[in-house]
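Trainee: my questions concern the predicted model and sequence given below.
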Amino acid sequence: MPQYLVSTYLPENYDPSTVSEATIEGIHALNREMVAAGVRKFACGLSPKVMTLRGQANGEVLVTDGPYVEAKEFVGGLSILETADVDELLAWVRKGAKVFPAVVEVREVFYMPAPAGD
């Protein structure tokens, strides 16, 4: 079955202290439901603190604070969901959007098999 990366984007001024207990319980309830259905493979929230590493032409690696791209949003959480098809995936993501309204990006996970013998 295909797997999908579900990324939740939050505004740069997002304040987690404004999230209600009801919303937090709704998120946990949805996660429990997805686990019971065998859909959720992984889920987590992410810190807004970011470091970027960039390979340089001289072979060095430059480490900087902040995201690679200037944006007014950041990835605040991600999940890996495994569903029979994109319609089932969208049904789960819609449930999540009702619990925690945020911008959500969905991408199918692309697998490139390792060469034989690896």
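Mentor: Sure thing, it's come through.
Trainee: how about the helices in the protein?
Mentor: With DSSP state H, the ranges of helices along the chain come out as 21-37, 86-99.
Trainee: now do the strands in the chain.
Mentor: For the chain, the strands defined by DSSP state E cover 3-11, 40-45, 51-55, 61-65, 73-82, 103-108.
Trainee: those strands: which one's closest to residue 31?
Mentor: Residue 31 sits nearest to strand 40-45 of all the strands of the chain, at 6.1 Å, using CB to CB. In short, each C-beta sits where N, CA and C put it, glycine included.
Trainee: list the neighbouring strands of the closest one plus their orientation.
Mentor: Strand 40-45 has its sheet partners listed here by DSSP bridges as strand 73-82 (antiparallel).
Trainee: next, the buried residues of the strand it pairs with.
Mentor: Neighbour-count burial for strand 73-82 flags 74, 75, 76, 77, 79, 81, 82 (criterion: 16 or more other CB atoms under 10 Å).
Trainee: before we move on, back to that, put together a markdown table for the strands of the chain, with mean pLDDT and distance to residue 29 on each row.
Mentor: Output for these, formatted as a markdown table (pLDDT from 0 to 100; distance: least, CB to CB, whole Å):
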| stretch | mean pLDDT | distance to residue 29 |
| --- | --- | --- |
| strand 3-11 | 93 | 17 |
| strand 40-45 | 93 | 12 |
| strand 51-55 | 88 | 33 |
| strand 61-65 | 89 | 36 |
| strand 73-82 | 89 | 15 |
| strand 103-108 | 93 | 18 |
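Trainee: any chance of those in CSV, plus distance to residue 96?
Mentor: Formatted as CSV, the strands of the chain follow (distance: least, CB to CB, whole Å):
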stretch, distance to residue 96
strand 3-11, 8
strand 40-45, 10
strand 51-55, 28
strand 61-65, 30
strand 73-82, 8
strand 103-108, 7
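Trainee: who wins for proximity to residue 97 among those?
Mentor: Residue 97 lies closest, by CB to CB, to one member of the strands of the chain: strand 103-108, at 6.2 Å.
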